[in-house]
Every structure is written in structure tokens, then in C-alpha cells.
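1. let me see the structure of the following:
(one chain, ligands or ions: 1)
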Amino acid sequence: MQLPAEFMTKYERLLGDQAAAFFAAFDAPVEKGFRVNPAKAVTPAMRVKMTSAVSYSPIGYYGRVNGNAMEHLAGAVYSQEPSAMTVGEVARPQLNERVLDLCAAPGGKTTHLLSYLRQTGLLVTNEINPKRVTALGDNVERYGALNTVITNATPAALAKELAGFFDRILVDAPCSGEGMFRKDPAAMQYWTSDYPAECATRQREILTEAVKMLKPGGYLIYSTCTFAPEEDEQMMAWLLKTYPQLKLEPIEKTAGMVDGRPEWADGNPELKKAARLFPHLMRGEGHFIAKLVNTDETTVKPQKTVRDNLTPAQRQLWQQFLTSQGVTAIPNVALQAHGEQLYAVPAMMPVTRKLKVFRPGTQLGTFKKKRFEPSYALALASDSLDWPQLAIDHEQWQRYVHGETFQLTTAVTTNGFRVLSCDGLPVGFGKAVGATVKNFFPKGLRFLATNENTQL
Ligand SMILES: C[S@@+](CC[C@H](N)C(=O)[O-])C[C@H]1O[C@@H](n2cnc3c(N)ncnc32)[C@H](O)[C@@H]1O
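-> Here you go, the predicted structure:
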């Protein structure tokens, strides 16, 4: 790979006798990886793939997964480059926490955070870019999240509404992307020797807002996919000096991770607590991760949380639907209608006034005239609610994702909406009428599925 000349000069100077091995790693093959979603069933095809475990993540594996496979569409697996998994492992939220993923699209770290929250607490996942937020929405939906609000806001707008609110904040910062040159050589075209300093300006702005949203005792996790000290150790040195209440927490170094380099910043030995991931020292791409704790004790007054807003008629339609499914309620959510759409908004979410919200919670379905039509998102979340399922086989699933009506071998005794499942994974709603299943797979997601193009 032809690396920019100034990039090579810089890292020859910084890495000394390790520079040759570092440059050679850019010509080695890219490592592929995937995580499994611990909230979902493990299918036989997944078991075959789960052979080479990533040592630092209990849910991570080396290998490639297919984006058209049933397991991927149903949110049971997520394709992620292995060393990127360290970020979710360092962030590792505890149950019931309030968590913010500030720079979140397309959702690699968000889905990892969800795997630790296990439908408890609250995840506010934010993406500033209105185009990229759509992919984040799709991935959160696939993961079947019931505890997530998706915002499309600037960090400053979030900080105005949610000051001192979060137990844990991840800033997976937009950066110069040097650690991704091997995976995505096109990223090199943006690189100039000034680019890291430009990125650092934006990172300081983002971190300034993130700090405002951290609770006393809360954790801030900062990560980049660049080697540039300006965006890594120097950014942490600036943070520690600007906010003396923030202290670095040590990150355990395994599988080839190494200490942060104080000599690449202001010499503060604390910077060793951060972690660097180099492709010549570990199986994966380049990253930097730091974890800080907020030792400030100033608390912020609790805010009012969201409430139900359904009309009696809407409530009745929803209750009738729940009864038809043999379930009683969705716990820990407020039910809110936004126009015709019904959402389950995480009950821990505060009322906000001016925030640009992309999705206020899990979309449950649509109020139609005198009936309720459930959504795809609800089907994908239904296994964490122990919702009854109607099992279909792979051939029926292929017809389902193509948008076809298909036949069951045994007719249902009660007609109506059913969560269809394949190998134990909910895949969407169908309307069963006798032995016929009418198709409710979202039109925009339909595709011609074959054994070949859907193999995990
Ligand atoms: C490294 S990527 C995030 C990757 C994501 N965390 C994941 O794991 O899939 C950084 C993100 O920050 C967003 N971003 C760019 N400028 C920003 C800003 N000023 N404030 C917040 N986010 C920004 C980008 O649109 C991009 O999606």
C-alpha cells in the first residue's frame, strides 16, 4: 500500500525501530470479525461460525458474516472489525445505567453497548449527520432495543437538555482515520499532515459538550481510529488539564494492546493508562481508547421523565392487540403516539423540548381506522418480551423476505398477526389466516433470497 510520504516520515520519527513492522502491517490482510447479540437465540449456522473467539470480548469472534443472512437481518450477529470491539468492552455499561453514545452511526459501538445493557436503563444514541442516522436506526431496530432513543443532534444541543444526566458517555470521535487506511484505502485521500490538528479542534468541541452531560462518578470513554498523537494522547492531556475533575482509569492491556505514550503529549505518566491498538501488534486495525471518571460531586436536579399520551381509543386498540398476542404489557416504557405511529419510549428518558429526535423509542406500530398494525421493530424486540412465535423454515423465510404470501403445513386455530420466527429468531410479523400467511415484511427491505446469497 502506498502511504502518504509525510505520514511515513512522521511515524518513522515516532515509532523508531518499530516503524518497519508498522508499515509492513498495512500490506497484511484485514482481519474480519463479528459479535453475537447475547439477547438472541444462537442458530445452528451461527454455532458453525463461532469457532475463533476474540480473547478480550465474550461475544466477539474472528470471521466474516453475510449481511443478507437471516441471522444478520434478525439482529443476532453484527459485523465488526475485531479491534473495534475493545471500545465496547472498555465502555461496558452496567445494567440500568443511563448511557450516551454521542457519535454513533452506523452503530457498531451502540449495538455493543446494548448487549451489556440487556434492555435495562437507557441508551441515548446520537448521530449528527442526517444521512448516517438512518443506518443507526436500522441497526438499533435489528438489535430489538426497547431502551433506546435515537437523536440527530449536535453535542451542544444535547448538552443543553441533558446536563449532568449520564452514568456513561462514549465519544467514538470523528477522526483522521489513519487506523482504517488498510481496511479503507480511500480514507487516505483526505489525509494531509494538517488533518489530525483539524480533527483535534472538532474533538475538543465534542468533548467540551460531553463533559457537561456526565454525572458525578460517571465515566467518559474516548476512542479514535487513528494513530495521530494530536487526537489521542494530546487530546487526553488537554482534557485532564482543562477538567481537573476527570481522572484516567487504567485499561487492561491484553492481546497485543499497549500503553498510551506520554512522551507523544505532555509527558504526564497517567497517559499510560490509555490503550493503543497497533495492527503490527494485534489482530485488527488501529485504535486509541481512554476511560476517564468524573470525580466532581456537583449533582444536577433530576428532570421530569416521559409520560404516556394515548387517547382512550388508542389505548383500547393497543390493549386489544396485546391480548390477541397473549401478552399484557411492555415494561419500563411510556406509550406515546406521534401522529399515527405508536412508540415505546424508554421510561427513564427525560422530557426534552428542542432536541432533534430521530426515533423517540421503539416503533410499535401504526393506528389504522379501528385497528392496530404492528411494526417490524416490535417483532424484532418481541423475543425479549417472551412473545409467542410461529415457527417457519428457511424456505418460508426466503419467500417472506421476498414479500410473498406463503402456506403453513398446519393451519392456525386463531387468525391474526403472529411473530414469525426462524431457528428461534423473530424475523417479522405475518398475518395468519388458516394455513396462509400474509406478508408484512417491510417493502423497502424485500429482496430475492436464495440459499447462496443468504448463507451466514
Ligand atoms: C468514528 S464515527 C462513529 C462510528 C460509530 N461509533 C460506530 O461504532 O459505528 C464518528 C461519527 O461522528 C460523527 N460526527 C462528525 N462530526 C461530529 C460532531 N461535530 N459532533 C458529533 N458527531 C460528529 C460522524 O458523522 C460519524 O458518524
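2. report the longest strand in the protein, please.
-> strand 214-224 (DSSP state E).
3. in the helix or strand following that one, what counts as buried?
-> Where DSSP states H and E defines the elements, the next helix or strand beyond strand 214-224 is helix 233-242. Using 16 or more other CB atoms under 10 Å as the test for burial, helix 233-242 gives 233, 234, 235, 236, 237, 238, 239, 240. The C-beta positions use only the backbone N, C-alpha and C, and glycine is treated the same way.
4. rewinding a little: same for the longest strand of the chain, what does it pack against?
-> helix 85-91, strand 166-172, helix 195-212, helix 233-242, strand 287-294 (3 or more CB pairs under 8 Å, 6 or more residues apart in numbering; DSSP states H and E).
5. the ligand: which of the buried residues of helix 233-242 is nearest?
-> residue 235 (14.0 Å; CB to the nearest ligand atom).
6. need the contact list for the closest one.
-> 200, 203, 204, 207, 222, 224 (CB atoms under 8 Å, 6 or more residues apart in numbering).
7. downstream of the helix or strand residue 47 falls within, the next helix or strand is which one?
-> Using DSSP H and E, residue 47 sits within helix 44-49. Next helix or strand after helix 44-49 toward the C-terminus (DSSP H and E): strand 60-62.
8. neighbours of residue 199, just the number please.
-> 22 (other CB atoms under 10 Å).
9. bridged to residue 425, which residues?
-> residue 422 (DSSP bridges).
10. check what pLDDT it gets.
-> Per-residue pLDDT puts residue 425 at 98.
11. same check on residue 320?
-> For residue 320, pLDDT reads 96.
12. tell me the contacts of it?
-> Neighbours of residue 320 in contact, by CB under 8 Å, 6+ apart: residue 372.
13. surely it is within a helix?
-> Yes. Counting by DSSP: H, G, I helix; E, B strand; the rest coil, residue 320 is located in a helix.
14. residue 128: what's it in contact with?
-> So residue 128 contacts 103, 152, 153, 154, 155 (CB under 8 Å, 6+ apart).
15. now those as a markdown table including distance to the ligand, pLDDT and secondary structure?
-> Formatted as a markdown table, the contacts of residue 128 follow (distance: CB to the nearest ligand atom, whole Å; pLDDT from 0 to 100; DSSP: H, G, I helix; E, B strand; the rest coil):
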| residue | distance to the ligand | pLDDT | secondary structure |
| --- | --- | --- | --- |
| 103 | 3 | 98 | coil |
| 152 | 10 | 98 | coil |
| 153 | 9 | 98 | coil |
| 154 | 6 | 98 | coil |
| 155 | 5 | 98 | helix |
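16. format the residues you listed as JSON lines; extra columns: neighbour count.
-> Output for the contacts of residue 128, formatted as JSON lines (neighbours: other CB atoms under 10 Å):
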{"residue": "103", "neighbour count": "22"}
{"residue": "152", "neighbour count": "21"}
{"residue": "153", "neighbour count": "23"}
{"residue": "154", "neighbour count": "15"}
{"residue": "155", "neighbour count": "21"}
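17. which among the residues you listed gets closest to residue 303?
-> residue 153 (16.3 Å; CB to CB).
18. and the closest one, how far is that from residue 215?
-> Per CB to CB, to the nearest Å, residue 153 is found 19 Å from residue 215.
19. one more: residue 74?
-> 35 Å.
20. tell me which parts of the chain are close to the ligand?
-> 103-109, 127-129, 132, 155, 172, 174, 202, 206 (CB under 6 Å from any ligand atom).
21. burial of residue 327, as a residue count?
-> 14.
22. tell me which residue in the stretch 301-450 of the chain sits closest to the ligand.
-> residue 356 (12.6 Å).
23. looking at residue 74 and residue 215, which one has more neighbours?
-> residue 74 (27 against 20).
24. now that one. Nearest residue, chain neighbours left out?
-> residue 425 (4.0 Å; CB to CB, 6 or more residues apart in numbering).
25. around that neighbour, count how many other residues there are.
-> 24.
26. I figured it hits residue 70, correct?
-> Yes. The criterion here is CB atoms under 8 Å, and residue 425 meets it with residue 70 at 6.8 Å.
27. what sits against residue 284?
-> 31, 33, 81, 82, 83, 84, 277.
28. just checking, the fifth one touches residue 281?
-> To tie it back to what came earlier, the one meant is residue 83. No. Residue 83 lies out of contact with residue 281 (CB under 8 Å); the separation is 10.1 Å.
29. comparing these two, which residue is more hemmed in?
-> More crowded of residue 83 and residue 281, by other CB under 10 Å: residue 83, with 27 against 17.
30. now residue 72: phi and psi?
-> Torsion angles at residue 72 (phi, psi; degrees, to the nearest 10) stand at phi -70, psi -50.
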